[in-house]
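K.L.:
show me the folded form of this:
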Amino acid sequence: MDLLSLPRAVTASALALGTALRGARVFHPRGQAFTGTVETDGGGTWGARLLDDAARHDVVVRLSRGAGLPEPLPDVVGLAVRFAGQGRGGGPLDVLVNTAGGPPVLRHLFLPEPLGRTFSSVLPYRTGSGRLVLLGARGDGTGEGWELLAATLAGGWTRWGHLTLGPAVPGPASEELRFAPTLGADDLQPVALFRAVRDLSYRESQALRR
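P.N.:
So this is what the prediction gives:
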């Protein structure tokens, strides 16, 4: 018996209805995409190539407001980063983090800016060595870059790289971007709990947005 079949269906249907009524994705409906560069530090022991190896990656970045509320109203901010060729089967690896709390317990809660100053994946990833890690980010103070972070469920944040924004992606191309944060890489997989729900929800929401 598939115990997740009902929550999958309910979640997907709710998001699909919300998307149809709104005419956009329920979550992060509007955003701006940019080109960018990630420089990874190397020397890590997390058990994932992206986190452990020194490298330079050309990436695509999308910044968005979670509920689409107009500024200056507080809203959860999402930061999505696409690493080309780093995912399963040589496909893209999409990492999505949202503003949350910095301490261990609060890392699992979405928090709007300015309350949430640290970005978190909220749900952990399992690396190739079996470790459970949260991915995160924190602004570097320039307004155009972030330190990329990782942490165990109870440990402190540790830097593994740096993201620098480049030029903006033109409007139509920016709106057509579709991220798939549930796919992961062979050695960096979102935990199975709720992964199927999130994956189906993303696909339903994005399909009706076209």
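K.L.:
tell me the mean pLDDT over stretch 40-48?
P.N.:
If you average the pLDDT over stretch 40-48, you get 98.
K.L.:
measure that stretch end to end?
P.N.:
The stretch stretch 40-48 measures 12 Å between its terminal residues, going by CA to CA, to the nearest Å.
K.L.:
so how far is it from its chain's centroid?
P.N.:
What separates the centre of stretch 40-48 from the centre of its chain is 19 Å, taken as CA atoms, centre = their mean, to the nearest Å.
K.L.:
ok, residue 44 - contacts?
P.N.:
51, 52, 53, 150, 158, 160 (CB atoms under 8 Å, 6 or more residues apart in numbering). C-beta: built from backbone N, CA, C; applies to glycine.
K.L.:
so which strand or helix has it?
P.N.:
Mapping residue 44 onto the secondary structure by DSSP states H and E places it in no helix or strand at all.
K.L.:
which non-adjacent residue is nearest it?
P.N.:
Leaving out its chain neighbours, the residue that sits closest to residue 44 by CB to CB, 6 or more residues apart in numbering is residue 52, at 3.8 Å.
K.L.:
got it, and residue 104?
P.N.:
Among residues not flanking residue 104 along the chain, residue 154 sits closest, at 5.2 Å (CB to CB, 6+ apart).
K.L.:
give me the buried positions along the host helix or strand of residue 56.
P.N.:
Counting by DSSP H and E, the secondary-structure element that holds residue 56 is strand 55-65. Residues of strand 55-65 classed as buried: 57, 59, 60, 61, 62, 64, 65 (neighbour count, 16 or more other CB atoms under 10 Å).
K.L.:
who's in contact with the closest residue to the third one other than its chain neighbours?
P.N.:
To tie it back to what came earlier, the one meant is residue 60. Spatial nearest neighbour of residue 60, excluding adjacent residues (CB to CB, 6+ apart): residue 82 at 4.4 Å. With contact taken as CB under 8 Å, 6+ apart, residue 82 is in contact with 59, 60, 61, 92, 93, 94, 177, 179.
K.L.:
show me the two of those that sit farthest apart.
P.N.:
Comparing every pair within the contacts of residue 82 by CB to CB identifies 93 and 177 as the most remote, at 14.6 Å.
K.L.:
higher neighbour count, those two?
P.N.:
Set residue 93 next to residue 177 and count neighbours by other CB atoms under 10 Å: residue 93 wins out with 24 against 15.
K.L.:
just for this structure, where's the confidence low?
P.N.:
Across the chain, the ranges flagged by pLDDT under 70 are 1-30, 67-71, 73, 193-210.
K.L.:
sorry, back to before: and the angle for whichever helix or strand comes after the strand holding residue 56 with strand 55-65?
P.N.:
Beyond strand 55-65 in the direction of the C-terminus, DSSP H and E gives the next helix or strand as strand 77-83. Angular relation of strand 77-83 and strand 55-65 on a 0 to 180 degree scale: 150 degrees, by axes from the mean of the first three to the mean of the last three CA atoms, to 10 degrees.
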